[in-house]
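Trainee: Sequence first, predicted model second:
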Protein chains: 2
Amino acid sequence: MKKIRLTIEYNGTNYQGWQTQRSGLTIQDIISKMLIGIAKEQIYLTGASRTDAGVHALGQVAVFKTDSRLPADTIRRALNAKLPNDIRVLAAEEVDFEFHPRYRAVKKSYFYLIEKTQKQSVFFQPYAWRIPVDLDIGSMNMAASVFQGEHDFSSFRGSGCGAKTTVRTIFSISLSRHAYLDFMTARMQGDFLIIRIEANAFLRHMARNIVGTLVEVGKGKISSHTVVDILTARDRKLAGPTAPAKGLFLERIFY
Amino acid sequence: MKKIRLTIEYNGTNYQGWQTQRSGLTIQDIISKMLIGIAKEQIYLTGASRTDAGVHALGQVAVFKTDSRLPADTIRRALNAKLPNDIRVLAAEEVDFEFHPRYRAVKKSYFYLIEKTQKQSVFFQPYAWRIPVDLDIGSMNMAASVFQGEHDFSSFRGSGCGAKTTVRTIFSISLSRHAYLDFMTARMQGDFLIIRIEANAFLRHMARNIVGTLVEVGKGKISSHTVVDILTARDRKLAGPTAPAKGLFLERIFY
């Protein structure tokens, strides 16, 4: 028996998130099914982050135990040969039995993509929230700094969150803007805002609720000075709306 | 009664191409259905190019006649409100009844995307053919020049092509390489080759068969000097394989 850790990239567009649900296809479902076919035994896959339906990942981490004698990298290649094109196993390695992808994580990094455009390309629309107006980045930066550090994030917790404590530590929130060379038209274009959040862990919808609130600040609908009041009120009703899932990427989990 | 011209962008990944098929969902099917709902009458939509299953478009053109009194731009907005996110109507305008999207076209531009990478991102894999090896661009350019001008393209015609004549004029084939700023990681990355083909019209699979042949030249499997023999032989068996649909984009139709 050994324990194998997978690092997984996926386009979440066509899935009901990572975690197995009562209905709808999830990424965990698909990988588990493929693993059972490869290892020829029952497999239970444990993921590090329960990404929501439509959320993407560049570095989800999951583990499973197996009696299979196949080397980890053989399992990776067998998975990639069977998985649909929107899910890819980047790495597979044997880990010690004590390793747990969620409890052992010391930091998680998510980023969120916002595209300022009147008309979003069908090719990039699954990956960014379209906001057609100018956002006040200065105010958003001021508001973002409020979230840094250890806080009770109850005001930013989605309903149905099963976490025992609502205290989390955000190590950093950074905003950066990017034009990019559109590889299809070979022209510089795009006005992207990337909001990257690094924390020890996230409550349900926390990243999307923080982004939704920052966007309200950027639009001038919420003053950056009141964000501290929203945070300390511990009342979900005061914060901004939940940003759409499609703009969110689980970037990396640090151990 | 009036005639309206639509300019349409789509991600072809999830469709069986433009043209209505015996089975499977097509882009024509979806737009026609939406138009019938909006105009409240039977609508017959005529497209300029029958893009294959999986082929994308930045500027497909289609027309329909209607007795609806709605202005063209109102129809455009109504369509975009109903269409799935991977199909978007960029423009709608009234045209004279003589206008036909295929017969009136004087030039069509397609481009094909090849990504050189050992490991293709799940986010870009629907839009580019992954080729992990170096291609000899010099030889490919020499071979590309053979195709320019008026030729019988029988050697590059896919089976099932219903065209009456196999003579077409290629105005230009150009190859260009691009790195791009990955907007998700804010790093320069990627090694893309874009092959753009402008012609008066295309036979079935002609663009993909030309690309497939150029790639064989780039790999050294076909000598650039033998491409002229392949072209003049009028024998499909001599040319290279059909490049995958997912890398092909109908860029623009000129009138």
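Mentor: Yep, it's here. Everything numeric here is computed off the predicted structure, so don't read it as measured data.
Trainee: Help me confirm that A:R22 is found in a helix?
Mentor: No: membership of A:R22 in a helix is not supported by DSSP: H, G, I helix; E, B strand; the rest coil, which gives coil.
Trainee: Can you give me the distance of it to chain B?
Mentor: In this structure, A:R22 and chain B are 25 Å apart, going by CB to the nearest CB, to the nearest Å. The way it works is simple: take the backbone N, C-alpha and C, and place the C-beta from them, glycine included.
Trainee: Could you check how far stretch A:221-228 is from the centre of its chain?
Mentor: Stretch A:221-228 has its C-alpha centroid displaced from the chain centroid by 25 Å (CA atoms, centre = their mean, to the nearest Å).
Trainee: how far does it stretch from start to finish?
Mentor: From its first residue to its last, stretch A:221-228 covers 15 Å (CA to CA, to the nearest Å).
Trainee: ditto for stretch A:178-198
Mentor: Between the opening and closing residues of stretch A:178-198 we find a distance of 20 Å, counting by CA to CA.
Trainee: And stretch A:141-152, by the same measure?
Mentor: Between where stretch A:141-152 begins and where it ends, there is a gap of 20 Å, by CA to CA.
Trainee: same check, this time on stretch A:92-104
Mentor: Terminal-residue distance, stretch A:92-104 (CA to CA): 17 Å.
Trainee: Return the set of buried residues in it.
Mentor: Of all the residues in stretch A:92-104, those buried under the rule 16 or more other CB atoms under 10 Å in any protein chain shown are A:92, A:95, A:101-102.
Trainee: Name the strands paired with the longest strand seen in chain A and say parallel or antiparallel.
Mentor: Across chain A, the longest stretch assigned as strand under DSSP state E is strand A:167-182. Listed by DSSP bridges, the sheet partners of strand A:167-182 and their directions read strand A:149-152 (antiparallel), strand A:187-199 (antiparallel).
Trainee: between those strands, which gets the lowest average pLDDT?
Mentor: Taking each of those in turn, the one with the lowest mean pLDDT is strand A:187-199, at a mean of 83.
Trainee: re the thing from before, of all the buried residues of stretch A:92-104, which comes closest to chain B?
Mentor: Each of those was scored against chain B by CB to the nearest CB, and A:A92 proved nearest at 13.7 Å.
Trainee: for the closest one, phi and psi?
Mentor: When quoted as degrees, to the nearest 10, the phi and psi of A:A92 stand at phi -140, psi 130.
Trainee: partners of it in the sheet?
Mentor: In this entry, A:A92 is beta-bridged to A:L6, by DSSP bridges.
Trainee: Can you tell me the number of residues neighbouring the nearest residue to A:I8 once chain neighbours are set aside?
Mentor: With CB to CB, 6 or more residues apart in numbering or on different chains as the measure, A:Q60 is the residue that lies nearest to A:I8, at 4.4 Å, once sequence neighbours are left out. Look at A:Q60: counted by other CB atoms under 10 Å in any protein chain shown, it has 30 neighbours.
Trainee: from the chain's centre, how far out does the helix or strand that contains A:Q60 sit?
Mentor: Per DSSP states H and E, A:Q60 falls inside strand A:56-66. Remark: strand A:56-66 is offset 13 Å from the chain centroid, using CA atoms, centre = their mean.
Trainee: so A:I36 touches A:Q42, yeah?
Mentor: Yes: if you go by CB atoms under 8 Å, A:I36 and A:Q42 touch, sitting 6.6 Å apart.
Trainee: Please say which of these two ends up with more neighbours.
Mentor: The residue with more neighbours, out of A:I36 and A:Q42 and counting by other CB under 10 Å, is A:I36; that gives 16 against 9.
Trainee: OK, contacts around the more buried one?
Mentor: A:42-43 (CB atoms under 8 Å, 6 or more residues apart in numbering or on different chains).
Trainee: Can you give me the buried ones in the host helix or strand of it?
Mentor: In this structure, A:I36 is located in helix A:27-39 according to DSSP H and E. Buried positions in helix A:27-39, judged by neighbour count with 16+ other CB under 10 Å: A:27-32, A:34-36, A:38-39.
Trainee: Among those residues, which pair sits farthest apart?
Mentor: When CB to CB is used, the two most widely separated members of the buried residues of helix A:27-39 are A:I27 and A:A39, lying 18.0 Å apart.
Trainee: Figure out how far stretch A:127-135 is from the centre of its chain.
Mentor: Stretch A:127-135 sits 18 Å away from the centroid of its parent chain (CA atoms, centre = their mean).
Trainee: Now it: buried residues?
Mentor: Burial within stretch A:127-135, assessed by neighbour count using 16+ other CB under 10 Å, is assigned to A:127-131, A:135.
Trainee: Please apply the same query to stretch A:196-214.
Mentor: For stretch A:196-214, burial by neighbour count (16+ other CB under 10 Å) applies to A:196-199, A:201-214.
Trainee: can you check stretch A:52-69 too?
Mentor: For stretch A:52-69, a neighbour-count test (16+ other CB under 10 Å) marks A:52-66, A:68 as buried.
Trainee: Which one of the residues you listed is nearest to B:V227?
Mentor: A:L58 (40.5 Å).
Trainee: ok, that closest one touching A:L248?
Mentor: No: between A:L58 and A:L248 there is no contact, the gap being 11.3 Å when judged by CB under 8 Å.
Trainee: Serialize the buried residues of stretch A:127-135 to TSV and add fields for distance to chain B, secondary structure and pLDDT.
Mentor: Below are the buried residues of stretch A:127-135 laid out as TSV (distance: CB to the nearest CB, whole Å; DSSP: H, G, I helix; E, B strand; the rest coil; pLDDT from 0 to 100):
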residue	distance to chain B	secondary structure	pLDDT
A:Y127	6	helix	91
A:A128	8	coil	92
A:W129	12	strand	95
A:R130	10	strand	94
A:I131	15	coil	95
A:L135	16	coil	95
